[in-house]
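# My questions are about this predicted structure, shown below with the sequence.
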Amino acid sequence: MILSLGIRRSLYSQVTGEKSTPQYLFADFSMSKVKMKSTVVNTSLMNFNTVTGKMVFLEDDEYYVLLNPLMVDTINLNNHLFIPVGETWYEVLLSGPVSLYVQHTGKLLHRGKAAGYGGTSEVSATETLSSMNLREKKYNLPLLPDYIVENSSVYWIRKESNWFSFASAKQFLKIFPEKSSQLKSFIKEYHLKTDNPEHLKKIMVWLNGPGVK
């Protein structure tokens, strides 16, 4: 694997006295399996950084970024399967003729910025971080206490090699115009929501079923 050297987290902890890593998808780094397209399998302590969209692994108390994701077939991280898509990673929720994925994203916000009438506002930290001279690899380190991460998810459908994202039930139904009537009935009958990953899995199993025309 081709790696990018990070910065020692121990040094950063000495400076800040804090350990806050909300930019990561999971609370802890866990032993993960990286299956390369060459069929070689590597293992490492890993986590996913939602702010940078990068896979990060920990070795000898240093953070490293996994580069050239398209050399990787899949990563099994904390019992969740991820595939590379462009320069980022999607989690596989269900694989089949029509597959379901989720793209985990995070936006870094500064919560200590003064607002009117003595309040505070949460604003994008892009300019602030730039002025602090923080490079991308430093996003892998524990954040200063003034920063928070606003997490969101984008769901994706892969259908006949085409990718479709959706953020509402209406957008989801438009992906399947030929099955719209049946799909509406199924969702209504079982009280399913298209913003619930477990509900979406049930819908996808039904869509991939032999009885669906």
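Alright, I've got the coordinates.

# Can you spell out which helices and strands pack onto the host helix or strand of Lys188?
In this assignment (DSSP states H and E), Lys188 forms part of helix 180-189. Helices and strands touching helix 180-189, by 3 or more Cβ pairs under 8 Å, 6 or more residues apart in numbering; DSSP states H and E, are helix 169-174, helix 197-207. Every residue, glycine included, has its C-beta placed from N, CA and C.

# Of all the ones you listed, which one comes closest to Glu62?
helix 197-207 (32.9 Å; Cβ to Cβ).

# secondary structure class for Gly106?
What DSSP: H, G, I helix; E, B strand; the rest coil gives for Gly106 is strand.

# partners of it in the sheet?
On the basis of DSSP bridges, Gly106 is bridged to Asn151.

# so it sits right up against Ser152, yeah?
Yes - at 7.5 Å, Gly106 and Ser152 qualify as touching, with contact defined as Cβ atoms under 8 Å.

# low pLDDT regions in the chain?
1-19, 112-138, 211-213 (pLDDT under 70).

# quick one: the helix holding Lys188 to helix 197-207, angle?
140 degrees (axes from the mean of the first three to the mean of the last three Cα atoms, to 10 degrees).

# Just the CA atoms of helix 180-189, as PDB, please.
Provided in PDB are the C-alpha atoms of helix 180-189 (Å, rounded to 0.1, in the frame of the first residue of the first chain):
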ATOM      1  CA  SER A 180     -43.100   2.900  -8.700                       C
ATOM      2  CA  SER A 181     -46.600   1.600  -8.100                       C
ATOM      3  CA  GLN A 182     -45.500  -1.700  -6.500                       C
ATOM      4  CA  LEU A 183     -42.800   0.100  -4.500                       C
ATOM      5  CA  LYS A 184     -45.200   2.700  -3.100                       C
ATOM      6  CA  SER A 185     -47.500  -0.100  -2.000                       C
ATOM      7  CA  PHE A 186     -44.700  -2.100  -0.300                       C
ATOM      8  CA  ILE A 187     -43.300   0.900   1.500                       C
ATOM      9  CA  LYS A 188     -46.800   1.900   2.700                       C
ATOM     10  CA  GLU A 189     -47.800  -1.600   3.800                       C
END
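
# was I right about Val41 contacting Val34?
Yes - using Cβ under 8 Å as the test, Val41 is close enough to Val34 to be in contact (6.9 Å).

# Just want to know which of the two has more residues nearby.
Val34 (22 against 12; other Cβ atoms under 10 Å).

# re earlier: need the residues that contact the helix holding Lys188.
The contact list for helix 180-189, computed with Cβ atoms under 8 Å, 6 or more residues apart in numbering, reads Ala169, Leu173, Phe176, Leu192, Thr194, Ile203, Trp206, Leu207, Val212, Lys213.
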